[in-house]
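> Provided below are the primary sequence and the corresponding predicted coordinates.
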Amino acid sequence: MTAYKHALNRRLSSRLAVVGAITAGGLLLAACGGDDMKGMDHGSGSSASASASPTRATGESAAPGAFNDADVMFAQMMIPHHEQALEMSELADGRASDAEIKSLAADIEKAQDPEIRTMKSWLKAWGKPESAGESMPGMDHGSGGMDHGSGMSGMMSDEDMKKLEAAKGTEFDRMFAELMIEHHKGAITMAEDEQKKGRDATAKKLAADVVRTQSAEVEKFEKILDRL
């Protein structure tokens, strides 16, 4: 009987040792998971990357990188600049007579409307207002052709917009081309400034797109003026 009890005690001790080792291993894994594996999952990568990613479902395209004041100013200024280009292009409907003018007006609307939404999403992601009016009061579409020092060159005055709205046919075509050349050159200046001073890679890429596409459109408008 005594020999049996000793054997039983040895088996129980062995089992308890195994259970203790398993428990200790589980606690160690839990501790490691809490410190080194926090927030990890197979679908999202890191939580920081997920929070900075573009909001595809809503059509927003948030700039994910580090940004500076030049990036913010570029977006805040280019938004109203683009909005005025859309206003000008919408006037072509029912007024323009030249097929190429109509086509270019449609191209401008197609390109710049999404860019406006994109830049608004950047400012929202950056926690910045859409308008720079708080720091630069008095700036609006009626402020006329603003000089390069203001950061918003090429804007049309209210008088320019009224004249364009009143024009029709070849008169409209010629005026639209002349005003849009000036307007585009202003946007190109702003975009080139962003390329030099901006920090966010996504904003600088959009600036490069503005320079490329609007420079090409300026050349087209100049050719149209030569034949009108």
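Here it is on my side, so go on. Residues are numbered from 1 along each chain as shown.
> hey, let's count contacts and neighbours off CA atoms from now on
Fine.
> So which residues of the protein form helices?
Using DSSP state H, the helices of the chain run over 2-36, 47-52, 69-90, 99-126, 158-166, 169-197, 201-227.
> For the ones you listed, give me CSV that also has mean neighbour count.
Formatted as CSV, the helices of the chain follow (neighbours: other Cα atoms under 10 Å):
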stretch, mean neighbour count
helix 2-36, 11
helix 47-52, 12
helix 69-90, 21
helix 99-126, 18
helix 158-166, 14
helix 169-197, 20
helix 201-227, 17
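> A132 is nearest to which of these?
helix 69-90 (5.7 Å; Cα to Cα).
> Report all helices and strands that that closest one contacts.
Applying 3 or more Cα pairs under 8 Å, 6 or more residues apart in numbering; DSSP states H and E, one finds that helix 69-90 makes contact with helix 99-126, helix 169-197.
> What's the mean pLDDT across that helix?
Mean pLDDT, helix 69-90: 97.
> what does stretch 164-181 give?
What stretch 164-181 shows for mean pLDDT is 97.
> can I see the domain layout of this protein?
Per automatic domain parsing, the structural domains of the chain span 1-33, 59-227.
> where does this protein have its least confident helix or strand?
helix 47-52 (a mean of 32; mean pLDDT, DSSP states H and E).
> show me where pLDDT drops low in the protein?
In the predicted model, the chain carries pLDDT under 70 at residues 1-64, 133-152.
> give me every residue that touches the residue lying closest to A191 once chain neighbours are set aside.
Spatial nearest neighbour of A191, chain neighbours left out: A207 (4.6 Å); criterion: Cα to Cα, 6 or more residues apart in numbering. Going by Cα atoms under 8 Å, 6 or more residues apart in numbering, A207 touches A191, E192, E194, Q195.
> And the residues you listed, which is closest to E217?
Of the contacts of A207, the one sitting nearest to E217 (Cα to Cα) turns out to be A191, at 15.1 Å.
> State the distance from the closest one to S153.
11 Å (Cα to Cα, to the nearest Å).
> show me what contacts the closest residue to F176 other than its chain neighbours?
In this structure, F176 finds its nearest non-sequential neighbour in L164, 6.9 Å apart by Cα to Cα, 6+ apart. L164 sits next to M88, L91, F172, M175, F176 when contact means Cα under 8 Å, 6+ apart.
> and the gap between the first one and D69?
In this structure, M88 and D69 are separated by 29 Å, where distance is defined by Cα to Cα.
> can you check the third one too?
The span separating F172 from D69 equals 38 Å under the rule Cα to Cα.
> again, but for the second one
Taken as Cα to Cα, the spacing of L91 relative to D69 amounts to 34 Å.
> do the same with the fourth one
In this structure, M175 and D69 are separated by 35 Å, where distance is defined by Cα to Cα.
> wait, doesn't Q195 sit right on D209?
No. Between Q195 and D209 there is no contact under Cα atoms under 8 Å: 10.6 Å.
> Tell me the residues that contact both of those two, please.
By Cα under 8 Å, 6+ apart, Q195 and D209 have no common neighbours.
> sorry, back to before: just the contacts of A207 now: which is nearest I108?
I108 lies nearest to A191 out of the contacts of A207, by Cα to Cα, at 16.2 Å.
> What distance do you get for the residue nearest to A75 when sequence neighbours are not counted to L179?
Distances taken as Cα to Cα, 6+ apart place M119 nearest to A75, at 5.5 Å, with adjacent residues excluded. Note on M119: its distance to L179, by Cα to Cα, is 24 Å.
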